[in-house]
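In: only the shape, not the letters, is given here:
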RNA sequence: GGCGGCAUAGCCAAGUGGUAAGGCAGCGGUCUGCAAAACCGUUAUUCUCCGGUUCAAAUCCGGAUGCCGCCUCCA
């Protein structure tokens, strides 16, 4: 079984061959913790969570690192506005981030280092770069010299000459080249700082990822991930400073996820259309958010809107309904079945979860048909269905779905949508059940109509009447 | 100005040379007292448009149009 990954560095799908066979070392850029996490953060986190889950299912050992950027201009600014320390602000949003991602059933990386916990690693790296003449000191600031690194621009596909034509570079006479970037920034009065050989200051943005990835994964590792927007300048600069310092290849495969748009517009604070995870998980089943996020290929843009979210909830309901029907068929723990095999073929092709989810729904239709057609099964059929049950659960384990039993899911939905009138509803339901017993269809339908107006959906099953809240 | 991406049904979305997955919505049917759920059938003779290569193109090449991203903090 071989996995192919699209590598942003080569712009091709490549066979995945980790440095150490059977071991995946992966570093993903985490959030700058100065505000609540939004759906865009969720996409990146969920996509790489899926990668890790899949690698593990394929029997790889995975070392997964995701950082928190807990010191930068925005954090300083925000902390000042709130009159709290940068540490307090960062911790507040680290906690918020973890809460949100836990709600989305995201597994924690093996390490979640903070930039400020690795100041000495960062200083050491900057010193190496100065020694090797890739960086220079000006008034307590340290800059990386882009012209000292011949491969600069490789990842993002740009040339320094072309970029110079662009107007949007700040003019700073002290820099040797306008594209030289800060490795270390001297502290202005009132700013938080750490002592360094160049005076009081703090790390630049890019250097922390180089330092932390090296600390935990070594100088060369397998996968470096993040949002597409990080390709330039962040990842370009990371490569430059890491390769310049180590004189060894940095990450082998660069994986970048696409953006989430909101109603066909870019999500941004200025447009005021930022969708926060904490709001979303109140409104929708968290797994529906995952399903939506994974229903498009990870490199494609996703348009997030109410309709898309609604579709995802419908899909998730269908999957859980099927799982409930499958409960009598205890999942077999034998070899993986055809469904799992097909799932893997899609996932092996650059993690095509969109196609893979198609197979999941194929399987659901198949088992629904089987269960509709017959009430009793011979041993062979039973085994077949149990196998599909096992495969569906295994797929769910990779996509991060089905963390609940169907009953728990229904219950959670109920609680989420409940408007505190459950008792009144139960009473109407009981009355309707009696009316149906009496074959008083007019009364039964009248009650159903009344419940529909209250947002209640009724299902009269062979084993009794059920009701649930309809999605808003 | 430089670099890159995308265009597939009412909506969402796979498919990168062999004759259009899947989801949501709709319609017809089975089931049901009637519904709901589920299932069956149906919904793109065609993949933005125009050329080219090929026995064969949604897929490759050239061109046009439209949309979007990055180049500034950004997942």
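Out: Good, I have the coordinates. Keep in mind that this is a model prediction, so the values were computed, not measured. Residues are numbered from 1 along each chain as shown, chains lettered A, B, ... in the order given.
In: residue of the stretch 101-250 of chain A closest to RNA strand B, please.
Out: residue A:227 (1.9 Å; C-beta to the nearest atom of the strand). Yep, even glycine has a C-beta here, placed from its N, CA and C like the rest.
In: so that residue sits right up against residue A:260, yeah?
Out: No. Between residue A:227 and residue A:260 there is no contact under C-beta atoms under 8 Å: 9.5 Å.
In: overlap of the contact sets of those two?
Out: Jointly contacting residue A:227 and residue A:260 under the rule C-beta atoms under 8 Å, 6 or more residues apart in numbering are A:40, A:43.
In: phi first, then psi, for the residue of the stretch 101-250 of chain A closest to RNA strand B.
Out: With angles defined as degrees, to the nearest 10, residue A:227 sits at phi -70, psi 150.
In: try residue A:194
Out: phi -130, psi 150.
In: what does residue A:300 give?
Out: Torsion angles, degrees, to the nearest 10, at residue A:300: phi -80, psi 150.
In: and the pLDDT for it?
Out: Listed pLDDT for residue A:300 reads 94.
In: hang on, isn't it packed against residue A:258?
Out: Yes. At 5.1 Å, residue A:300 counts as touching residue A:258 under the criterion of C-beta under 8 Å.
In: and the two? which has more neighbours close in?
Out: Using other C-beta atoms under 10 Å, the more surrounded residue of residue A:300 and residue A:258 is residue A:258, with 19 against 11.
In: where's the more buried one relative to residue A:354, distance?
Out: 12 Å (C-beta to C-beta, to the nearest Å).
In: what of residue A:389?
Out: 23 Å.
In: who's more crowded, those two?
Out: The neighbour comparison of residue A:389 against residue A:354 (other C-beta under 10 Å) goes to residue A:389, with 24 against 14.
In: which SSE is the more buried one in?
Out: Under the criterion of DSSP states H and E, residue A:389 resides in helix A:379-399.
In: residues near residue A:433, how many?
Out: Neighbour number of residue A:433 under other C-beta under 10 Å is 15.
In: that's a helix at it, yeah?
Out: Yes. Counting by DSSP: H, G, I helix; E, B strand; the rest coil, residue A:433 is located in a helix.
In: ok, it - contacts?
Out: residue A:465.
In: repeat for residue A:367
Out: Counting by C-beta under 8 Å, 6+ apart, residue A:367 has contacts A:322, A:325, A:326, A:385, A:388, A:389.
In: quick check: the nearest residue to the third one once chain neighbours are set aside vs residue A:446, distance?
Out: Spelled out, it's residue A:326. What sits nearest to residue A:326 in space, not counting adjacent residues and going by C-beta to C-beta, 6 or more residues apart in numbering, is residue A:389, at 4.3 Å. In this view, residue A:389 and residue A:446 are 40 Å apart by C-beta to C-beta.
In: still on that earlier bit, for the helix holding residue A:389, buried residues please.
Out: By neighbour count on 16 or more other C-beta atoms under 10 Å, the buried set for helix A:379-399 is A:384-392, A:394-396, A:398-399.
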